[in-house]
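Novice: pasting the sequence and the predicted model now:
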Amino acid sequence: MEANNSKKHVVTHLLLILGSIVMLFPFLWMILSSFKTVGEQMSIPMKILPGSFGYLENYKQALEAVPFLRLYLNTILMIVGRVICAVIFSSMAGYGFARMEFPFKRLLFTLVLMQMMVPGQIFIVPQYMMLSKIKLLNTVFALIFPALVSAFGTFLLRQQYMALPKELEEAAVIDGCNPWQVFTKIMVPVTRSSLASLAIFTALFAWKDLMWPLIANNDLNRMPLAPGLTVLQGICNNNKGALMAGSVIATVPMLLLYIACQKQFIEGIAQTGIKG
(Lines give C-alpha, C1' and ligand atoms only; values in the text may rest on other atoms or scores of the structure.)
Protein backbone atom coordinates (compact mmCIF):
# COMPACT_ATOMS: atom_id res chain seq x y z
CA MET A 1 0.00 0.00 0.00
CA GLU A 2 2.78 2.41 0.96
CA ALA A 3 4.66 1.53 -2.25
CA ASN A 4 1.59 2.41 -4.33
CA ASN A 5 1.20 5.73 -2.51
CA SER A 6 4.89 6.50 -3.10
CA LYS A 7 4.51 5.79 -6.81
CA LYS A 8 1.45 8.03 -6.98
CA HIS A 9 3.38 10.84 -5.28
CA VAL A 10 6.29 10.44 -7.68
CA VAL A 11 3.98 10.52 -10.71
CA THR A 12 2.11 13.53 -9.32
CA HIS A 13 5.31 15.46 -8.70
CA LEU A 14 6.67 14.59 -12.15
CA LEU A 15 3.47 15.85 -13.77
CA LEU A 16 3.60 19.06 -11.71
CA ILE A 17 7.24 19.62 -12.63
CA LEU A 18 6.45 19.05 -16.30
CA GLY A 19 3.52 21.46 -16.14
CA SER A 20 5.69 24.08 -14.42
CA ILE A 21 8.35 23.77 -17.13
CA VAL A 22 5.73 24.20 -19.85
CA MET A 23 4.32 27.30 -18.16
CA LEU A 24 7.70 28.86 -17.34
CA PHE A 25 9.36 28.19 -20.70
CA PRO A 26 7.81 31.20 -22.54
CA PHE A 27 8.87 33.51 -19.70
CA LEU A 28 12.42 32.10 -19.69
CA TRP A 29 12.57 32.36 -23.49
CA MET A 30 11.52 36.01 -23.25
CA ILE A 31 14.32 36.76 -20.78
CA LEU A 32 16.96 34.89 -22.80
CA SER A 33 15.86 36.53 -26.07
CA SER A 34 16.14 39.98 -24.54
CA PHE A 35 19.93 39.50 -24.35
CA LYS A 36 20.36 38.19 -27.90
CA THR A 37 21.77 40.17 -30.80
CA VAL A 38 19.82 40.38 -34.07
CA GLY A 39 22.15 37.77 -35.55
CA GLU A 40 21.58 35.36 -32.67
CA GLN A 41 17.82 35.79 -32.98
CA MET A 42 17.87 34.77 -36.65
CA SER A 43 20.60 32.13 -36.47
CA ILE A 44 20.01 28.61 -37.80
CA PRO A 45 20.04 26.35 -35.90
CA MET A 46 18.28 28.42 -33.26
CA LYS A 47 20.38 29.41 -30.24
CA ILE A 48 18.71 28.97 -26.87
CA LEU A 49 21.27 30.85 -24.78
CA PRO A 50 22.52 34.31 -25.73
CA GLY A 51 26.18 34.85 -26.47
CA SER A 52 26.48 37.22 -23.50
CA PHE A 53 24.16 38.26 -20.70
CA GLY A 54 25.97 41.58 -20.69
CA TYR A 55 24.45 42.60 -24.03
CA LEU A 56 22.05 45.40 -23.00
CA GLU A 57 21.52 47.09 -26.35
CA ASN A 58 17.99 45.67 -26.59
CA TYR A 59 17.04 47.24 -23.27
CA LYS A 60 18.59 50.54 -24.31
CA GLN A 61 16.65 50.54 -27.58
CA ALA A 62 13.38 49.68 -25.83
CA LEU A 63 13.82 52.46 -23.26
CA GLU A 64 14.61 54.98 -26.00
CA ALA A 65 11.69 53.95 -28.21
CA VAL A 66 8.96 54.13 -25.57
CA PRO A 67 8.67 56.42 -22.48
CA PHE A 68 8.51 53.60 -19.94
CA LEU A 69 8.61 55.92 -16.92
CA ARG A 70 5.51 57.70 -18.16
CA LEU A 71 3.84 54.39 -18.97
CA TYR A 72 4.65 53.13 -15.47
CA LEU A 73 3.12 56.27 -13.93
CA ASN A 74 -0.05 55.89 -16.00
CA THR A 75 -0.24 52.22 -15.08
CA ILE A 76 0.22 52.91 -11.38
CA LEU A 77 -2.48 55.60 -11.42
CA MET A 78 -4.84 53.26 -13.28
CA ILE A 79 -4.18 50.35 -10.92
CA VAL A 80 -4.52 52.44 -7.77
CA GLY A 81 -7.77 53.97 -9.00
CA ARG A 82 -9.24 50.63 -10.02
CA VAL A 83 -8.17 48.91 -6.79
CA ILE A 84 -9.63 51.65 -4.57
CA CYS A 85 -12.96 51.60 -6.43
CA ALA A 86 -13.12 47.79 -6.46
CA VAL A 87 -12.35 47.42 -2.75
CA ILE A 88 -14.71 50.17 -1.55
CA PHE A 89 -17.73 49.59 -3.78
CA SER A 90 -17.46 45.80 -3.98
CA SER A 91 -17.13 45.40 -0.23
CA MET A 92 -20.22 47.53 0.40
CA ALA A 93 -22.24 45.84 -2.33
CA GLY A 94 -21.11 42.37 -1.27
CA TYR A 95 -22.04 43.06 2.35
CA GLY A 96 -25.44 44.36 1.30
CA PHE A 97 -26.22 41.28 -0.80
CA ALA A 98 -24.96 38.90 1.89
CA ARG A 99 -26.40 40.40 5.08
CA MET A 100 -29.17 42.88 4.31
CA GLU A 101 -32.71 42.50 3.04
CA PHE A 102 -34.12 44.95 0.51
CA PRO A 103 -36.58 44.85 -2.42
CA PHE A 104 -35.48 43.00 -5.57
CA LYS A 105 -32.35 41.71 -3.85
CA ARG A 106 -32.28 38.40 -5.75
CA LEU A 107 -33.03 40.08 -9.06
CA LEU A 108 -30.25 42.62 -8.61
CA PHE A 109 -27.73 39.96 -7.65
CA THR A 110 -28.78 37.93 -10.68
CA LEU A 111 -27.98 40.97 -12.82
CA VAL A 112 -24.56 41.12 -11.20
CA LEU A 113 -23.95 37.46 -12.07
CA MET A 114 -25.18 38.06 -15.61
CA GLN A 115 -22.65 40.85 -16.02
CA MET A 116 -19.90 38.37 -15.13
CA MET A 117 -21.15 35.96 -17.81
CA VAL A 118 -21.30 38.53 -20.60
CA PRO A 119 -18.07 39.31 -22.53
CA GLY A 120 -16.63 42.63 -21.45
CA GLN A 121 -16.26 43.75 -25.08
CA ILE A 122 -20.03 44.29 -25.21
CA PHE A 123 -19.71 47.26 -22.85
CA ILE A 124 -16.92 49.00 -24.79
CA VAL A 125 -19.16 51.02 -27.14
CA PRO A 126 -21.52 52.42 -24.46
CA GLN A 127 -18.57 53.16 -22.14
CA TYR A 128 -16.77 54.99 -24.94
CA MET A 129 -19.89 57.02 -25.77
CA MET A 130 -20.36 57.95 -22.11
CA LEU A 131 -16.76 59.20 -21.79
CA SER A 132 -17.06 61.04 -25.08
CA LYS A 133 -20.20 62.84 -23.89
CA ILE A 134 -18.50 64.05 -20.71
CA LYS A 135 -15.27 64.81 -22.63
CA LEU A 136 -12.98 62.60 -20.54
CA LEU A 137 -11.29 60.59 -23.29
CA ASN A 138 -7.47 60.62 -23.22
CA THR A 139 -7.40 61.04 -19.45
CA VAL A 140 -6.38 58.86 -16.51
CA PHE A 141 -10.03 58.68 -15.47
CA ALA A 142 -10.79 57.04 -18.83
CA LEU A 143 -8.47 54.18 -17.82
CA ILE A 144 -10.24 53.75 -14.46
CA PHE A 145 -13.80 54.19 -15.71
CA PRO A 146 -14.63 50.56 -16.74
CA ALA A 147 -13.65 49.27 -13.29
CA LEU A 148 -15.59 51.74 -11.13
CA VAL A 149 -17.86 48.81 -10.21
CA SER A 150 -16.62 45.21 -10.15
CA ALA A 151 -19.18 42.43 -10.54
CA PHE A 152 -16.46 39.87 -9.79
CA GLY A 153 -15.48 41.71 -6.60
CA THR A 154 -19.10 41.95 -5.48
CA PHE A 155 -19.58 38.20 -5.93
CA LEU A 156 -16.23 37.38 -4.29
CA LEU A 157 -16.94 39.39 -1.15
CA ARG A 158 -20.58 38.33 -0.93
CA GLN A 159 -19.38 34.74 -0.65
CA GLN A 160 -16.93 35.72 2.08
CA TYR A 161 -19.53 37.66 4.12
CA MET A 162 -21.99 34.78 3.84
CA ALA A 163 -19.37 32.45 5.32
CA LEU A 164 -19.06 34.52 8.51
CA PRO A 165 -21.16 33.60 11.56
CA LYS A 166 -24.10 35.89 12.36
CA GLU A 167 -22.97 36.01 15.98
CA LEU A 168 -20.35 38.60 14.98
CA GLU A 169 -23.03 41.06 13.93
CA GLU A 170 -25.29 40.25 16.85
CA ALA A 171 -22.50 40.87 19.36
CA ALA A 172 -21.65 44.19 17.68
CA VAL A 173 -25.30 45.29 17.74
CA ILE A 174 -25.57 44.40 21.44
CA ASP A 175 -22.51 46.60 22.04
CA GLY A 176 -24.35 49.51 20.41
CA CYS A 177 -22.96 49.50 16.86
CA ASN A 178 -25.12 50.75 14.03
CA PRO A 179 -25.06 48.96 10.61
CA TRP A 180 -22.28 51.18 9.25
CA GLN A 181 -20.10 50.54 12.32
CA VAL A 182 -20.76 46.80 12.08
CA PHE A 183 -19.55 46.88 8.49
CA THR A 184 -16.49 49.09 8.95
CA LYS A 185 -15.30 47.92 12.38
CA ILE A 186 -16.21 44.23 12.30
CA MET A 187 -16.77 42.91 8.79
CA VAL A 188 -14.08 44.75 6.88
CA PRO A 189 -11.21 43.83 9.24
CA VAL A 190 -12.33 40.18 9.33
CA THR A 191 -12.33 39.94 5.53
CA ARG A 192 -9.04 41.75 4.92
CA SER A 193 -7.55 38.64 3.26
CA SER A 194 -10.33 38.59 0.69
CA LEU A 195 -10.00 42.33 0.19
CA ALA A 196 -6.28 41.85 -0.40
CA SER A 197 -6.94 39.08 -2.93
CA LEU A 198 -9.50 41.28 -4.70
CA ALA A 199 -6.94 44.09 -4.84
CA ILE A 200 -4.37 41.72 -6.36
CA PHE A 201 -6.88 40.38 -8.88
CA THR A 202 -7.90 43.91 -9.85
CA ALA A 203 -4.29 45.01 -10.19
CA LEU A 204 -3.50 41.98 -12.36
CA PHE A 205 -6.49 42.53 -14.64
CA ALA A 206 -5.66 46.23 -14.93
CA TRP A 207 -1.98 45.55 -15.65
CA LYS A 208 -2.74 43.34 -18.66
CA ASP A 209 -5.72 45.33 -19.95
CA LEU A 210 -4.99 46.03 -23.61
CA MET A 211 -8.11 46.74 -25.63
CA TRP A 212 -9.80 49.45 -23.55
CA PRO A 213 -6.72 51.72 -23.07
CA LEU A 214 -6.10 51.60 -26.83
CA ILE A 215 -9.69 52.67 -27.48
CA ALA A 216 -9.99 55.33 -24.76
CA ASN A 217 -6.55 56.90 -25.35
CA ASN A 218 -4.70 57.64 -28.58
CA ASP A 219 -1.80 59.48 -26.96
CA LEU A 220 1.21 57.32 -26.07
CA ASN A 221 2.00 59.54 -23.06
CA ARG A 222 -1.40 58.68 -21.57
CA MET A 223 -1.26 54.94 -22.15
CA PRO A 224 -0.38 52.22 -19.61
CA LEU A 225 2.24 49.55 -20.22
CA ALA A 226 0.25 46.90 -22.11
CA PRO A 227 -0.81 49.11 -25.04
CA GLY A 228 2.58 50.82 -24.90
CA LEU A 229 4.15 47.49 -25.81
CA THR A 230 2.06 47.38 -28.99
CA VAL A 231 3.62 50.69 -29.99
CA LEU A 232 7.05 49.24 -29.20
CA GLN A 233 6.24 46.27 -31.42
CA GLY A 234 5.67 48.59 -34.36
CA ILE A 235 8.86 50.55 -33.72
CA CYS A 236 11.12 47.53 -33.09
CA ASN A 237 9.59 45.22 -35.66
CA ASN A 238 13.01 44.22 -37.02
CA ASN A 239 14.51 43.57 -33.58
CA LYS A 240 12.55 41.05 -31.56
CA GLY A 241 15.14 41.27 -28.80
CA ALA A 242 14.13 44.87 -28.06
CA LEU A 243 10.47 43.81 -27.91
CA MET A 244 11.38 41.02 -25.50
CA ALA A 245 13.38 43.47 -23.40
CA GLY A 246 10.37 45.78 -23.21
CA SER A 247 8.20 42.84 -22.20
CA VAL A 248 10.62 41.99 -19.39
CA ILE A 249 10.55 45.59 -18.18
CA ALA A 250 6.75 45.51 -18.15
CA THR A 251 6.44 42.08 -16.52
CA VAL A 252 8.91 42.17 -13.64
CA PRO A 253 6.97 44.62 -11.38
CA MET A 254 3.79 42.53 -11.48
CA LEU A 255 5.82 39.39 -10.77
CA LEU A 256 7.38 41.07 -7.73
CA LEU A 257 3.93 42.19 -6.57
CA TYR A 258 2.64 38.62 -6.70
CA ILE A 259 5.69 37.26 -4.86
CA ALA A 260 5.24 39.88 -2.12
CA CYS A 261 1.47 39.31 -1.75
CA GLN A 262 1.07 35.61 -2.56
CA LYS A 263 0.13 34.75 1.03
CA GLN A 264 -2.84 37.16 1.00
CA PHE A 265 -3.78 35.97 -2.47
CA ILE A 266 -3.91 32.29 -1.52
CA GLU A 267 -5.65 32.93 1.82
CA GLY A 268 -8.33 35.04 0.18
CA ILE A 269 -9.09 32.46 -2.49
CA ALA A 270 -9.18 29.63 0.07
CA GLN A 271 -11.50 31.49 2.43
CA THR A 272 -13.87 32.47 -0.37
CA GLY A 273 -14.73 28.82 -1.00
CA ILE A 274 -15.95 28.11 2.54
CA LYS A 275 -19.62 28.68 1.76
CA GLY A 276 -21.52 28.98 -1.50
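Specialist: Looks like it came in fine. Numbers count the residues shown, from 1 in each chain.

Novice: list the buried ones in stretch 227-246?
Specialist: Using 16 or more other Cβ atoms under 10 Å as the test for burial, stretch 227-246 gives 227-229, 231-232, 235-236, 239-246. From N, CA and C alone the C-beta is placed, and that goes for glycine too.

Novice: what's the closest non-adjacent residue to the spatially most central residue of the chain?
Specialist: By Cα atoms, centre = their mean, the mean C-alpha position of the chain lies nearest to residue 204, the distance being 1.3 Å. Nearest non-adjacent residue to residue 204, counting by Cβ to Cβ, 6 or more residues apart in numbering: residue 254, 6.8 Å away.

Novice: just residue 31 next, same as before
Specialist: With sequence-adjacent residues excluded and distances taken as Cβ to Cβ, 6+ apart, residue 31 is closest to residue 248, at 5.9 Å.

Novice: can you tell me how far that neighbour sits from residue 27?
Specialist: Between residue 248 and residue 27 the computed distance is 9 Å (Cβ to Cβ, to the nearest Å).

Novice: tell me which of the two has more neighbours.
Specialist: The neighbour comparison of residue 248 against residue 27 (other Cβ atoms under 10 Å) goes to residue 248, with 19 against 13.

Novice: just how off-centre is the helix-or-strand element of the chain with minimal mean pLDDT within its chain?
Specialist: Least confident helix or strand, the chain: helix 240-272 with a mean of 75, by mean pLDDT, DSSP states H and E. Chain-centre distance of helix 240-272: 9 Å, with Cα atoms, centre = their mean, to the nearest Å.

Novice: other SSEs contacting that helix?
Specialist: helix 2-33, helix 38-41, helix 57-65, helix 68-99, helix 151-162, helix 192-207, helix 225-235 (3 or more Cβ pairs under 8 Å, 6 or more residues apart in numbering; DSSP states H and E).

Novice: out of the ones you listed, nearest to residue 176?
Specialist: Proximity to residue 176 (Cβ to Cβ) singles out helix 68-99 among the helices and strands packed on helix 240-272, at 18.2 Å.
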